[in-house]
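K.L.:
Using only what follows, build the 3D model:
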Amino acid sequence: MADGTKAVVDTSAADTAADEAALAAAIDGLAVAKDADGRASAGGGKGASTAAAVPGRTAGDVDGDTHDGPDGGSGSSTDSGDPGGSDHSDDSDADRDPDGPRTAGPAVSVSEETSEITAPLSVQEIAAELAAGAAGKKPAPAQAPAKRRPTDPQPTVDPRDTATLPRTLPAPQRRSGDMIGHRYLLEECISQTDTFSSWRAVDEKLRRAVGVHLMASGHQRARKVLAAAKSAALLGDPRFVQVLDAVQEGELVYVVREWLPHSSDLAKLLADGPLEPHEAYQMVRQVADAVAAAHRRGQAHLRLTPRCVLRTDSGQYRINGIAVDAALRGLPVEGTTEDAQRSDTRAIGALLFAALTHRWPYPEDRYDLRGLPKGLQNVAPDQVRAGVHKGLSELAARALFDHPPHHAEPITTPEELVRAIAQLPRIRRPEPELPAYPAPPRHNTHALPTAPNPTRVADTTVAPLPASSRPASTRRARRRLRRVAKATAWTVALGAIGVASWQFVDNLRNNNNGAVASPLPSASSAAPTTPHPTTHTPVPIAIKEAQSYNPLGDGPEGTESIGKSIDGDPNTAWTTGWYYDQFGPKAPALKPGTGLLIDLGSPQSVSAVNVQFSGGEQAAELRLPTPAAAANPMAAKPDGFTVVGKKSGTNVEYTLDNPVTTRYLLIWLTSLTKDSDSKFRGHVAEVKVSG
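P.N.:
Residues are numbered from 1 along each chain as shown. Alright, predicted model coming up:
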């Protein structure tokens, strides 16, 4: 019995030695496979079969590295850019594997997170697997795991070295209603790519709409996006959509920009056809001026497309995404300043080309515009569409092409483009079309009745003549109206003279002494003995400048339309920012008011101020700065001004009992009008000052 027990122990030891030898051979096989291929391949190769023989282990566990690490791996990123400034329908990072599809590990797919915490197999489990293999039980065939989106691995080196960061991180997954930075409430996703997402959000602190771009902080582009956003924020040019915030918070990078709710991009404006010459001229002039100013300060856009050019409801053009759009999409930064200037100049030429022809100047279809046929490349807009303004057509060709038609000199910088636009003859705004008045029916009572023409009565297919074909009858009708008006005026004048004569004679007859009354004193006779107060004749005072006074907010409001409050046109107006609640001293009002500061240029004697509002009834106070605030009224608080009048309505007149000498006047809005979108805004159409 003892010998038998000893024999069993010897047999177990022999089996254990055999198991250990088999395990060593398997590990050696894995090492050889790693040297030959660099990674395990499912379905072929010695390394793949050996790795599959050990369930619970993956090729990444054996060679000590995962496929999608900070230093690269099987996933690569390719950014689709448009050298001509065009935008592709989906700007995303495509995941590609240069070695073809690969699989690693057994049928059970292990994610990156779980692969790092998988415990190694015990000696007993390895022996059981080897015994099962010796008995002829084959393991389940390895299946290729479903292609997964890369996650955010932590960099193992200095994070400031962007070359070591991954290029295939997906856009952070967010939903409507999520809060970013404990301040920005996401409302609607505007666009989504594999790399970033763009949202319309609400700034809960300032209660205003904003735009937000979201990107993973571990992406290679994240630091470039932050740098581009901060440089764009320092630009401070109101012709560009302002960058309000750029933050890296944990695994998220977000850029917050200004939101223009009442604006339309150029692609939407071109949906119905090309622009009028005057509107196209205004667009290219304003865009070129803004881009040239940005280049003078060392900034470039590098991705100027029709979706980046916005037209506000006041007719001003503003540019969105300077430097930030190019960084988000990973477009290569131009090597020299000259390259960046040429890129932006060519993009402005493409915008003008599309505005004049309603065609995209490249073979591809972009922004709901058809591209040009390949045989029509390098042609001027007037050769693509008839009736195009000759000067604008030549300007677009010189800015867009390196070799313009007719051997014209190319324009290579925004500054040159601005000078070329200034040399164009003035393009006038088209006159509004007057409504065509139908000719009144003509009644000829002296003509004999004639038999009706049955052919003309029965012919219902003949369309009535258009209004433009009846200019003679319209002119005759207007002449008749003028003659009637003149006759009526003469009749009224003669009647008034007759009534005045009759009254004068009647007064003479009713005189007490029956004598002829003495003639009435003329206007040039001596003044009457009873003194009368002299009346003051108001004299208009020219206004030098108007500024947005908003000390209780985050900055000036409506800077793009501030000049419309003093332009002499009551049809245009300065519009404040929008608010959810009405102004007031108590909750839920955000603040008691906002103001418009009027600068007369020098101290003037002011006796009256007239303010016209548009959009509805509004309330405002007329305030004058105190002596302490008169030196710098923009830096003073509202209590640094003295209230001299309070009125509400659509057209209010502040009349001072005694003229006041001052240089600054403050129109302090205390009640706004509610617009059609249920938001409160102030609209000041015109301010007039009299002395």
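K.L.:
switch to C-alpha atoms for all contacts and neighbour counts from now on
P.N.:
Will do.
K.L.:
where are the low-confidence patches of the stretch 351-500 of the chain?
P.N.:
Across the stretch 351-500 of the chain, the ranges flagged by pLDDT under 70 are 432-473, 475.
K.L.:
can you pull out the strands in it?
P.N.:
359-360, 370-371 (DSSP state E, counting those that start in this stretch).
K.L.:
Tell me which of these sits most buried.
P.N.:
Among those, strand 359-360 has the highest mean neighbour count (mean count of other C-alpha atoms under 10 Å), at a mean of 24.
K.L.:
Nearest to M634, out of the strands of the stretch 351-500 of the chain?
P.N.:
The minimum distance between M634 and the strands of the stretch 351-500 of the chain falls on strand 359-360, with 46.6 Å, by C-alpha to C-alpha.
K.L.:
list the helices and strands the closest one packs on?
P.N.:
helix 337-357, strand 370-371 (3 or more C-alpha pairs under 8 Å, 6 or more residues apart in numbering; DSSP states H and E).
K.L.:
So for the first one, what gets flagged as buried?
P.N.:
In terms of neighbour count (16 or more other C-alpha atoms under 10 Å), helix 337-357 has its buried residues at 340-357.
K.L.:
related to what we said a few turns ago, okay if I get the helices and strands packed on strand 359-360 as TSV plus distance to Q618?
P.N.:
Formatted as TSV, the helices and strands packed on strand 359-360 follow (distance: least, C-alpha to C-alpha, whole Å):
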stretch	distance to Q618
helix 337-357	39
strand 370-371	47
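K.L.:
quick one: which of these is nearest E557?
P.N.:
Across those, closest to E557 is helix 337-357 (C-alpha to C-alpha), at 28.5 Å.
K.L.:
Just grab the bridge partners of L665 for me.
P.N.:
L665 has these beta-bridge partners by DSSP bridges: I598.
K.L.:
and the gap between it and E621?
P.N.:
Distance, L665 to E621, using C-alpha to C-alpha, to the nearest Å: 10 Å.
K.L.:
what ranges do the helices span in the stretch 251-400 of the chain?
P.N.:
With helices called from DSSP state H, counting those that start in this stretch, the stretch 251-400 of the chain shows them at 266-269, 277-296, 324-328, 337-357, 390-400.
K.L.:
quick one: contacts for the nearest residue to L597 once chain neighbours are set aside?
P.N.:
Among residues not flanking L597 along the chain, L666 sits closest, at 4.6 Å (C-alpha to C-alpha, 6 or more residues apart in numbering). Contacts were defined as C-alpha atoms under 8 Å, 6 or more residues apart in numbering; by that measure L666 touches G595, L596, L597, I598, E621, L622, R623, L624, P625, F641.
K.L.:
mind listing which of those residues are in strands?
P.N.:
With DSSP state E as the criterion, strands contain G595, L596, L597, I598, E621, L622, R623, L624, P625, F641 from among the contacts of L666.
K.L.:
For the residue lying closest to S314 once chain neighbours are set aside, give me its contacts.
P.N.:
The spatially closest residue to S314, leaving aside those adjacent along the chain, is S561, at 6.8 Å (C-alpha to C-alpha, 6+ apart). Contact analysis of S561 by C-alpha under 8 Å, 6+ apart lists S314, A573, W574, T575.
K.L.:
Confirm that S561 lies within a helix, as I assumed.
P.N.:
Yes. According to DSSP: H, G, I helix; E, B strand; the rest coil, S561 belongs to a helix.
K.L.:
State the pLDDT value of it.
P.N.:
If you check S561, the pLDDT there is 87.
K.L.:
circling back to that earlier point, so which of the strands of the stretch 351-500 of the chain is nearest K674?
P.N.:
Closest to K674 of the strands of the stretch 351-500 of the chain is strand 359-360 (C-alpha to C-alpha; 40.2 Å).
K.L.:
which residues sit against the closest one?
P.N.:
So strand 359-360 is contacted by A350, F353, A354, R366, L369, R370, G371, L372 (C-alpha under 8 Å, 6+ apart).
K.L.:
Please produce CSV containing these, extended by distance to V505.
P.N.:
Output for these, formatted as CSV (distance: C-alpha to C-alpha, whole Å):
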residue, distance to V505
A350, 82
F353, 79
A354, 78
R366, 86
L369, 82
R370, 84
G371, 87
L372, 87
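K.L.:
of all those residues, which comes closest to M179?
P.N.:
Out of the contacts of strand 359-360, the member with the shortest distance to M179 (by C-alpha to C-alpha) is R366, at 34.1 Å.
K.L.:
what's across from the closest one in the sheet?
P.N.:
Taking DSSP bridges as the rule, R366 bridges to L369.
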